[in-house]
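> Mind folding the following:
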Amino acid sequence: MEKQQKAKRYHDATQCPMTATIDVIGGKWKPIIIFILMDGPLRFGEIHRTIPGMALKVLSRQLKELEEDDILIRTAYPEVPPRVEYSLSPKGETLRPAIQLLSAWGTEHLLQPA
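Numbering: from 1, shown residues only. Down below sits the predicted model:
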């Protein structure tokens, strides 16, 4: 019985915890955005300058999706010109260990000379 529980198969992708996680933080840019924001809040332009080659429209959409999934907090200040900062939410902060492990793995296995 115990073996049967360990070997549980997911019949529907929505039941898989990995699928759920990848739906929230997967893709080319979301993990990078999270990694960058681990150092503290940044404005939209600062994030864009940190990620060369990323279209403004794509960045805007990714930030909006991360905000909708409660990974980021968007703070708008009532100033002229308007100032908006993005930071990790408490839920986003819980991703810190996983993102750090992914970064360390990349450094060790992909960025080190053979």
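
> all contacts plus neighbour counts: C-alpha atoms, from now on.
Noted.

> how close does the closest residue to D69 other than its chain neighbours sit to E108?
Excluding the flanking residues, the one nearest D69 by C-alpha to C-alpha, 6 or more residues apart in numbering is V24, at 6.7 Å. As judged by C-alpha to C-alpha, to the nearest Å, V24 and E108 stand 26 Å apart.

> In terms of neighbours, single out the busier of those two.
The neighbour count for V24 versus E108, taken as other C-alpha atoms under 10 Å, is higher for V24 (17 against 11).

> Check the secondary structure at that one for me.
Of the three states, V24 takes helix according to DSSP: H, G, I helix; E, B strand; the rest coil.

> you'd agree it is up against E67?
No - look at V24 against E67 with C-alpha atoms under 8 Å: they stay out of range, at 10.2 Å.

> Which parts of this structure are strands?
Assigned by DSSP state E, the strands in the chain fall at 42-43, 72-77, 83-88.

> Is it possible to get CSV of those strands that adds mean neighbour count?
Listed next are those as CSV, based on neighbours: other C-alpha atoms under 10 Å:
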stretch, mean neighbour count
strand 42-43, 16
strand 72-77, 17
strand 83-88, 19
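
> I am finished for the moment; much appreciated.
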